[in-house]
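Trainee: sequence below, structure please.
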Amino acid sequence: MSAGAATLLVELVTEELPPKALKSLGAAFAETLAAGLRARDLLTPSSELTPYATPRRLAVSITHVLATAPDRPFKERLLPVSVAFDTQGRPTPALIGKLKAKQLSHLDPASLTREHDGKVEALYYEDVAKGGALAISLQAALEEAVAKLPIPKVMSYAGAGGYYNDRQFVRPAHRLAALHGRDVVAVGVLGLAAGRSTEGHRFLGRRELELAAADAYPDALEAEGKVLAAFGLRRERIVEMLEAAAAGARVIKPDALLDEVTALVEWPKVYTGGFDATFLDVPRECLILTMQRNQKYFALESEDGRLQNRFLLVSNIDARDPEPIVRGNERVLRARLADAKFFYDQDRKATLESRVPRLAQVVYHNKLGSQLDRVTRVQAIGRFIAGHVGADERLVERAAHLAKADLLTEMVGEFPELQGIMGRYYALHDGEPAAVANAIGSQYLLRQDAAAWAQNPTGATLMAADRTETLVGIYGIGLVPSGEKDPYGLRRAALGLIDAFEAFGAMARHEGQPLRLKLRALLDFAASVFPPRTLSPSVASDLEDFVFERYRHQLAGAFQREVVDAVVDIRPPLDEVPSRVAAVRAFRDLPEAQALAAANKRIVNILRKSGDEAAAAVDRSLFGDGAEHSLFAAVQNLLPIVHGHVQRGEYTEALRALASARASVDRFFDEVLVMAEDPAVRGNRLALLRGLAEAMNQVADISKLAV
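Mentor: Here you go, the predicted model:
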């Protein structure tokens, strides 16, 4: 093997890997193996990693990999000198035993290094560790990479020539290649010994392909094996082919579908198929979902957004005559679309209204009753919200009454993802008001622009009522999210409720009014519509904390954590959080901000430690010098100004107004002893600071900004 650096290739050929997991498996295999080699000093600063993943292989190529790791000097602490030698300077039994245990008995104790370790003088052994050979290090790194793969489900299988399922991996592994430059690296895993051969495409390429060198891997597989080994390159090629085949139409290509199709083919080829235009009478969402979920096809739409009766399929075969492939796929799709049309036609024979009573037989949760019980609760919560945000209570109540009826339709039974969407279509067919139908269709949306919600206030109200009922009910019976587990989607529900409050706040501000809906009042009311003793008594307060914590987590991705904490910790009206956070971020850039934040932190600590000592009101006759008068005047001037800005939602202006108080605040703390011996004076000064804190913290707790 070459003593210098060269490209390393490691490839594991398997049976067909699970397509939805392939992308993550390929990345994890490459990154974990590279990390193992890096930890063993076999990579250089110029080493570059290239992962490969196809339906039948996981591989990685790394440039500038060393054949042998460099020697590494090391120093090992043995014992304190006082323990290692007696008073005559002779080695103690402790040192002799230590050297023996370390297999260093041949060393002269006098040759060991003495250094002070910060506490005592200690004895050290220094030497140079020989660098490990690539084969040994790669063996360990390969085993680690295989063991740490994020395998969704392990499969047991018999190794080559075996009769018992003695191997475990994501899929049976059949071949291992490991090349460093032109040389095979003698490693093995899953009962396979490394060689230099790989496998091409099952039908289009050479079945067995010998690699001359690691660098030749991707080009040789493409040219002779008809395999595009790199996942990203294959995905890009598919996108290019789809756009070319679309012939001017827009391809509906969600990322998840692109990734899955990329994981199903090694040599992609795109073909165009069609279906009967009469199927276009079925809602487009049904057709698209049928094509994507059942067949992995890509739907096409015109520039005006109308669905076309054409589709694109990605095949793993580059056929001379693609006609049989296309016709076969068209036949399969025709049957699927016929089913969808049948469901749609059958569902419209019964109204949503007629289905509502049957919700009494659909269990929502054994502690929370049926779906009909839930509908009744959502109606009540919807009326409460509508009364506070100006939505039409009659429309909200009707939308809530019909909102879950589509759960009993054939189409939603086949495609649960279409809940609400199909309800909208069926409501329109039944002659329900457009506002009701649109509300049903948007009840499951998570994020939507406030302007869009403003055009659909009934939908915003229904969505908020639905999320509130879910949160209060599920959280209230103790099914609280834990770690990554959130089976009932409570975190998602909290984000939906936050979205609704932002929309309601925007609508209220557009009308020049503050939002009358408050989170805690909403949660308290929602808890009251459940049967007595069903929920935890503290559910409303617990959920208020939960919602604000979700908001904190969401905002922390865009703002500094201390800026978010300054706002969230004072629990302002939920709809005002974004504008307050933006104002605090702007305030933080002022030259006076740090001094005022530090002063505020000092004030908060003083008031917390003083308990109830502060006087009920400030008595100016107890002021002893100009600093107190100056601060009192500043507070009296600030309070109405800040309060006025806050009332008008001018949070940036409110915080900027605080800058005028800096000189008075600095002077007060320089010249005045707050905790005076005289209780009356002390209480008066504490009352003065309480007033200052009130002025400073109306928008946010700016003490959180103190460094």
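Trainee: C-alpha only now, for contacts and for neighbours.
Mentor: Will do.
Trainee: and the residue of the chain most remote from its centre, which of the three is it?
Mentor: The C-alpha centroid of the chain is most remote from Gln88, which lies 65.5 Å away (C-alpha atoms, centre = their mean). Using DSSP: H, G, I helix; E, B strand; the rest coil, the structure places Gln88 in coil.
Trainee: domains in this protein, as residue ranges please.
Mentor: Following automatic domain parsing, the chain resolves into domains at 5-69+133-225, 72-129, 231-347, 365-555, 579-705.
Trainee: hey, where'd the strands end up in the stretch 51-200 of the chain?
Mentor: 57-66, 72-80, 113-116, 121-129, 155-157, 167-169, 173-180, 183-184, 188-189, 192-193, 197-198 (DSSP state E, counting those that start in this stretch).
Trainee: tell me what the second one is packed against?
Mentor: What it means is strand 72-80. strand 121-129 (3 or more C-alpha pairs under 8 Å, 6 or more residues apart in numbering; DSSP states H and E).
Trainee: ok now the strand it packs on, how far from the chain's centre?
Mentor: Averaged C-alpha coordinates place strand 121-129 at 47 Å from its chain's average position (C-alpha atoms, centre = their mean, to the nearest Å).
Trainee: list the buried residues of the longest helix that the chain contains.
Mentor: Determined from DSSP state H, the single longest helix within the chain is helix 323-347. Neighbour-count burial for helix 323-347 flags 326, 329-330, 333-334, 336-337, 340-341, 343-344, 347 (criterion: 16 or more other C-alpha atoms under 10 Å).
Trainee: what's the closest non-adjacent residue to Tyr475?
Mentor: Val539 (7.0 Å; C-alpha to C-alpha, 6 or more residues apart in numbering).
Trainee: you'd agree the one you found is up against Leu471?
Mentor: No. Val539 lies out of contact with Leu471 (C-alpha atoms under 8 Å); the separation is 9.3 Å.
Trainee: more neighbours: those two, which one.
Mentor: Between Val539 and Leu471, counted using other C-alpha atoms under 10 Å, Leu471 has the larger neighbour count: 29 against 21.
Trainee: mind checking how far the helix or strand where the more buried one lies is from the chain centre?
Mentor: Taking DSSP states H and E as the criterion, Leu471 maps to helix 457-476. How far helix 457-476 lies from its chain's middle: 22 Å, per C-alpha atoms, centre = their mean.
Trainee: which residues does Glu222 contact?
Mentor: 228-229 (C-alpha atoms under 8 Å, 6 or more residues apart in numbering).
Trainee: how far away is it from Arg467?
Mentor: For Glu222, the distance to Arg467 (C-alpha to C-alpha, to the nearest Å) stands at 51 Å.
Trainee: with Val261 instead?
Mentor: 34 Å.
Trainee: higher neighbour count, those two?
Mentor: Ranked by neighbour count (other C-alpha under 10 Å), Val261 and Arg467 place Arg467 first, with 26 against 22.
Trainee: what ranges does the stretch 101-250 of the chain have for its helices?
Mentor: 134-147, 217-225, 231-246 (DSSP state H, counting those that start in this stretch).
Trainee: for the last one, packing partners?
Mentor: Just to be clear, that refers to helix 231-246. Contacts defined by 3+ C-alpha pairs under 8 Å, 6+ apart place helix 231-246 against strand 49-54, strand 250-252, helix 255-262, strand 269-274, strand 307-315.
Trainee: tell me the contacts of Pro91?
Mentor: With C-alpha under 8 Å, 6+ apart, Pro91 has these contacts: 84-85, 109.
Trainee: please redo it, this time with the cut-off set to 7 Å
Mentor: Going by C-alpha atoms under 7 Å, 6 or more residues apart in numbering, Pro91 touches 84-85.
Trainee: can you give me the neighbour number for Val707?
Mentor: Val707, neighbours per other C-alpha under 10 Å, totals 9.
Trainee: residue contacts, it?
Mentor: Contacts of Val707 by C-alpha under 7 Å, 6+ apart: none found.
Trainee: likewise Lys404?
Mentor: So Lys404 contacts nothing (C-alpha under 7 Å, 6+ apart).
Trainee: picking up where we left off before, and of the strands of the stretch 51-200 of the chain, who's closest to Ala583?
Mentor: Each of the strands of the stretch 51-200 of the chain has some distance to Ala583 by C-alpha to C-alpha; the shortest is strand 57-66, at 48.2 Å.
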